[in-house]
Structure formats: C-alpha cells, structure tokens
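S.K.: okay, sequence plus prediction incoming.
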Amino acid sequence: MRLIVQKFGGTSVANQERRNMVVNKIDAAKKKDYFPIVVVSAIGRSGDPYATDTLINFVKSIGVEPNPREKDLLMSCGEVISCVMLANTLKKMGYECKVFTGAQAGIITDDNYGDAEVLKVEPDNILECVEKNVIPIIAGFQGVTEDGNITTLGRGGSDVTAAIIGEAINAEIVEIYTDVDGVMTADPAIVQDARVMETVFYNEIFQMAEYGAKVIHPRAVEIAMRSNMPLLIKSTLTDNNGTLITNYDKSRRYRQDKDENVITAIAQIGNRSQFKIKFDGSANQYEKDTILFNLIAAEKISIDMINIYPDVKMFIVDGVNESKLISILKAQGYNFQVIPNCTKVTIIGNKMRGMPGVMAKMVEGLSECNIEILQTSDSHTTISCLIKSESTNAAVNALHKKFDLGRNKL
C-alpha cells in the first residue's frame, strides 16, 4: 500500500472553511491510491481561542509560570483539539478516522520539556488503522517519555512529527501543507518577484532554514534526508504543485530540476550584533583564545561568522545576548567594539560548490547599491555577508536580481 503523510499547519485548520479544504486534500490523496496518515498543528495563531500561545497566556494570567512538565501538558492540548475538530469534519464527509495523541501514535522522546528529542517511534497503532482502512489523525508537536510524561518538540515540531512518522512507516512522501504555495527564492514580503521553486536539494532547504528562512523545521529535513524520503511543501488554499525537497533520486518518479542557476535562494536573519575584540594587552592574562571562547560558552552564548586573527577576534551573536556579552568582556578588561542592528544575508546554492566568481558577483551586487559589507563567511553551498540592518531590503532585492532568481526569468 502506498502510504503518504499529510501535515496541516495551524492556519490550515483555523476555521471550518479551511478544515473543509483539508478534507479535500485528504480526499485527493485517496483518489490517487495513497493511504493518508494525517498530522495536525494547533488551530490558528496567537490570539485565536485554541492557539498554543493563547493557552500559555491563559495560564500565565494567574501570575505564576507553570513548571516545564505542566507547561508541556498544556501546550499539547491545542493539537488534540485540532485533531478532534478535523476528525469530526472527516466523519461528516463519510470517512472513518481515529484521533491519536503523540503518545498514542508511539512517539517516544527524552525528557527535555519544551524541546524534546524523539528517541524512537512505535507505529503499531497507526499501522493497525491502515489495515482497517481507518485514517489516523495524529496530534503534531508532541510525544511521551518512556515513563509516561507528555513532552513537546519545540516550535515547528509538527513538521518533525510528520517526518518521523513518515520514516517509521516507510511513507512514499510527506506533504507539508501551509498558507504559501511552496518554498520561495526569497522572502516575498521583501522581494516582489520572488518565485516558488519546483525542486530543492535537502541540504539547500536545510541551509535556508538555518540561515533565517521560515520554511520547514531543520530537524524534519534531517529526518527526511537520512531516509531519502521526499518532502513536498504545498498550500492548503490552492492546487499549485508546490516545492519538492529531494535528493533527486532518479528511481523516484517526481519532477526533476530544470533550473540551471548556481544560486537557489536568498535568506536573511536580523538582529545580529558584531563583536570585534582586540588582543592588545588590555585584558592581560585573559587574552588567550581558549579563555575568551570558554568564557562565552560558559554563559551559553552562541557565536557565528567567526574570524580569528592573532590580534583580533570577530564574530556575531544574537542581539538578545549583546548586553550580556558586553558585561562579560568589560568585567575582564577586554578592548572591544560592537556594531548592533546587523543582518546576515546569505546566498544558497548546491551548484556553487567549486564554482569561481560567485563571491565576486555577490560583492558586486551589494557594491552597486552602496551597501557596506562588515564581514563574510562561507561554506561549500553558502556565502554570507553581514550588513547594517537598515540595508536588508535593498541587499536582498539586489542579490535576487543579480543572480537572476525572479519570476520573469522563467
């Protein structure tokens, strides 16, 4: 039997009209001879009656923060409500279905409440439903510890649920439904002619998520990549083809890449602060790389875009950690400079590996708009430039145009 996992986000189940659209997607899968296993997120977004953030704020209104275990219990409720609402909609349309919590679906996790790691999946209940021609409706974003405590998988965790279940039952494909038509070449709120990509490599989509694009949970991509399971990002609201995330396994009968661009997409992540620390004797015995970086690590501050020279150390941190890091450096007497309000803009493309001239083209595109580059970093498939945040929109548009990623190229 051809198994398909269909995951529907919070906006896809926000009201009855949307839930009816979800039923149409499930029905369409059945008509293509797939058996659907459905994963659902909590209804709506913050402010909506049953959204996860709404439930959290409801409890916080008492004036006491719930402990992590009880907070996970609370946060798991939103997905259960979504599941029951969707199940009743499906039953009204004549389908047999059965609702499962993450625990009932066999998702076993560690006890890191709020961001639990899946240890294993025991899919017996799901497969029993398939054998009986009953559609499983599974609450995303949650699991259970081996001693029975409910856990949640972190923001975007329903994507992880869909991927891990797909892997456990050997699904042919996992469809992720949202309110956009697929993965875009850039943020459409910034770039008007950003377009939906037909196909993307796993490592490219992982880089996009890692470098700021709100596409899909990186852990879901890791799971799909290790099991060579295609992911398809689609819209609940349209019948457009969406974006296929794959390794381009020629044995699978899916769309193949026709785009010869070296660069696939552009992502950006803001609110970064650049630190430049000078080793000029000001901090005396503290001016050793090991001491400096261990001090930062001890405060659980993550650093990025790291450049180390004998007399200067440069890196960026999330802006939320800026004041904490300033206090640490001042306490030890370091001589340092900070540039706040920066954005890391990244071009991504699997085909840039070993391709000369990509950096030159990126620098040229930013230079043509008089955008100063504060720092750079790169890998085989990415090049990042740090710029002032006030230039973010101009930079992303300039690079999108420079690398010919717009709709009109097609």
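M.R.: It's in. Residues are numbered from 1 along each chain as shown.
S.K.: closest to the centroid, which residue in the protein?
M.R.: His217 (2.9 Å; C-alpha atoms, centre = their mean).
S.K.: Provide a list of residues in contact with that one.
M.R.: Gly154, Arg155, Gly156, Gly157, Asp159, Val160, Ala209 (C-beta atoms under 8 Å, 6 or more residues apart in numbering). The C-beta positions use only the backbone N, C-alpha and C, and glycine is treated the same way.
S.K.: let's see 6 Å
M.R.: For His217, the contacting residues are Gly156, Asp159, Val160, by C-beta atoms under 6 Å, 6 or more residues apart in numbering.
S.K.: show me where the stretch 101-250 of the chain has helices.
M.R.: 124-131, 157-168, 202-210, 218-227 (DSSP state H, counting those that start in this stretch).
S.K.: touching the longest one from outside, list them.
M.R.: The set of residues that contact helix 157-168 without belonging to it, under C-beta under 6 Å, 6+ apart, is 5, 7, 39, 41, 118, 121, 123, 140-141, 153, 174, 216-217, 219-220, 223-224, 227, 229.
S.K.: on that earlier part again, of the helices of the stretch 101-250 of the chain, flag the one that's most buried.
M.R.: helix 157-168 (a mean of 28; mean count of other C-beta atoms under 10 Å).
S.K.: what's the angle between it and helix 202-210?
M.R.: With axes from the mean of the first three to the mean of the last three C-alpha atoms, to 10 degrees applied, the angle from helix 157-168 to helix 202-210 works out at 160 degrees.
S.K.: distance from helix 157-168 to the middle of the chain?
M.R.: 13 Å (C-alpha atoms, centre = their mean, to the nearest Å).
S.K.: buried ones in stretch 226-245?
M.R.: Met229, Pro230, Leu231, Leu232, Ile233, Lys234, Ser235, Thr236, Gly242, Thr243, Leu244, Ile245 (16 or more other C-beta atoms under 10 Å).
S.K.: with pLDDT and distance to Ile306 added, can I get these in CSV?
M.R.: Putting those into CSV (pLDDT from 0 to 100; distance: C-beta to C-beta, whole Å) gives the following:
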residue, pLDDT, distance to Ile306
Met229, 94, 34
Pro230, 94, 35
Leu231, 95, 31
Leu232, 95, 36
Ile233, 94, 32
Lys234, 93, 38
Ser235, 92, 38
Thr236, 91, 41
Gly242, 93, 36
Thr243, 92, 32
Leu244, 93, 34
Ile245, 92, 29
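S.K.: low pLDDT regions in the stretch 201-350 of the chain?
M.R.: Applying pLDDT under 70 to the stretch 201-350 of the chain flags residues 248-260.
S.K.: again, only this time at 80
M.R.: By pLDDT under 80, the low-scoring segments of the stretch 201-350 of the chain are 210, 212-215, 247-261.
S.K.: just the strands in it please.
M.R.: Taking DSSP state E, counting those that start in this stretch, the strands of the stretch 201-350 of the chain run over residues 231-235, 243-246, 265-278, 303-308, 312-318, 335-348.
S.K.: can you tell me which of those is packed in deepest?
M.R.: Each of the strands of the stretch 201-350 of the chain was assessed for mean neighbour count using mean count of other C-beta under 10 Å. The highest is strand 243-246, with a mean of 25.
S.K.: so Leu86 is in which element?
M.R.: Take DSSP states H and E as the rule and Leu86 turns out to sit in helix 77-92.
S.K.: still on that earlier bit, mind putting the helices of the stretch 101-250 of the chain in a markdown table, distance to Ala87 included?
M.R.: Formatted as a markdown table, these follow (distance: least, C-beta to C-beta, whole Å):
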| stretch | distance to Ala87 |
| --- | --- |
| helix 124-131 | 12 |
| helix 157-168 | 16 |
| helix 202-210 | 30 |
| helix 218-227 | 23 |
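S.K.: out of these, flag the one nearest Val191.
M.R.: helix 202-210 (14.1 Å; C-beta to C-beta).
S.K.: mind listing the strands for the stretch 1-150 of the chain?
M.R.: 2-8, 34-40, 97-100, 107-109, 118-121, 135-139, 142-145, 150-152.
S.K.: so can I have TSV of those showing mean pLDDT and distance to Ser391?
M.R.: Converted to TSV, the strands of the stretch 1-150 of the chain look like this (pLDDT from 0 to 100; distance: least, C-beta to C-beta, whole Å):
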stretch	mean pLDDT	distance to Ser391
strand 2-8	97	36
strand 34-40	97	40
strand 97-100	97	48
strand 107-109	97	42
strand 118-121	96	40
strand 135-139	97	43
strand 142-145	96	41
strand 150-152	96	37
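S.K.: out of those strands, which gets nearest to Asn350?
M.R.: Closest among the strands of the stretch 1-150 of the chain, once you apply C-beta to C-beta, is strand 2-8, at 24.9 Å.
S.K.: quick one: residues in contact with that closest one.
M.R.: 22, 29, 33-40, 158, 162, 165-166, 169, 171-177.
S.K.: can you say which of those residues are buried?
M.R.: 22, 29, 34-40, 158, 162, 165-166, 169, 171-177.
S.K.: in JSON lines: the buried residues of stretch 226-245, plus distance to Phe403.
M.R.: Listed next are the buried residues of stretch 226-245 as JSON lines, based on distance: C-beta to C-beta, whole Å:
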{"residue": "Met229", "distance to Phe403": "30"}
{"residue": "Pro230", "distance to Phe403": "26"}
{"residue": "Leu231", "distance to Phe403": "24"}
{"residue": "Leu232", "distance to Phe403": "25"}
{"residue": "Ile233", "distance to Phe403": "21"}
{"residue": "Lys234", "distance to Phe403": "25"}
{"residue": "Ser235", "distance to Phe403": "25"}
{"residue": "Thr236", "distance to Phe403": "30"}
{"residue": "Gly242", "distance to Phe403": "23"}
{"residue": "Thr243", "distance to Phe403": "18"}
{"residue": "Leu244", "distance to Phe403": "21"}
{"residue": "Ile245", "distance to Phe403": "20"}
